[in-house]
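1. need a structure here:
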Amino acid sequence: MAWGSFSAFLDYTHQLAPYLSGWMLQATAWTVTVVELTLGLALLLGVALRWVAGASAGLLLIFAASMGAFDHIEAPLIASVPSACSAALLLALCPAPSFPLSLDRWRERRTSQRA
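-> Numbering: from 1, shown residues only. All right, here's what the predicted structure looks like:
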């Protein structure tokens, strides 16, 4: 599939969620776009890292299930969705001190210095 326009993304969204149409398809495509952008930025910045990683794993799991059900069973494997989902789950299960460069850790250090 050729990317580059939102209409191509809408077509792919409709392929993965054929039960949606009209304004529901538009709303879902925009919502997924905003959620993916927000989760990606939060992961990069290290904000609420364990929660965001868990939410990312959940979103990837839904994406993989939808790809397998409505595209073809190999689609999530070709796109490496299970490995990305596993990595997000691993990150979500890591102990909080494992993230020395996260904003959460920086905020924690500042709070402990003030006390």
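
2. And the longest helix belonging to the chain, what's buried?
-> The single longest helix within the chain, with elements called by DSSP state H, is helix 22-45. Buried residues in helix 22-45, counted by 16 or more other CB atoms under 10 Å: Leu25, Thr28, Ala29, Val32, Leu39, Ala42, Leu43. All C-beta atoms are positioned from the backbone trio N, CA, C, and that covers glycine.

3. buried ones in stretch 54-71?
-> For stretch 54-71, the neighbour count (16+ other CB under 10 Å) marks Gly54, Ala55, Ser56, Ala57, Leu59, Leu60, Leu61, Phe63, Ala64, Ser66, Met67, Gly68 as buried.

4. about what we covered before: could the buried residues of helix 22-45 go into TSV alongside pLDDT and distance to Ala17?
-> Shown next, in TSV, are the buried residues of helix 22-45 (pLDDT from 0 to 100; distance: CB to CB, whole Å):
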residue	pLDDT	distance to Ala17
Leu25	94	7
Thr28	94	6
Ala29	93	9
Val32	94	9
Leu39	96	19
Ala42	93	24
Leu43	91	24
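
5. give me every residue that touches Phe6.
-> Ala29 (CB atoms under 8 Å, 6 or more residues apart in numbering).

6. next one: Cys94
-> Contacts for Cys94 (CB under 8 Å, 6+ apart) come out as Arg50.

7. ok, now how distant is it from Val47?
-> Cys94 sits 15 Å away from Val47, going by CB to CB, to the nearest Å.

8. what's Pro95 sitting at in phi/psi?
-> In terms of degrees, to the nearest 10, the main-chain angles of Pro95 are phi -70, psi 150.

9. rewinding a little: what's the closest of the buried residues of helix 22-45 to Glu74?
-> Using CB to CB, the shortest approach to Glu74 within the buried residues of helix 22-45 belongs to Val32, at 22.0 Å.
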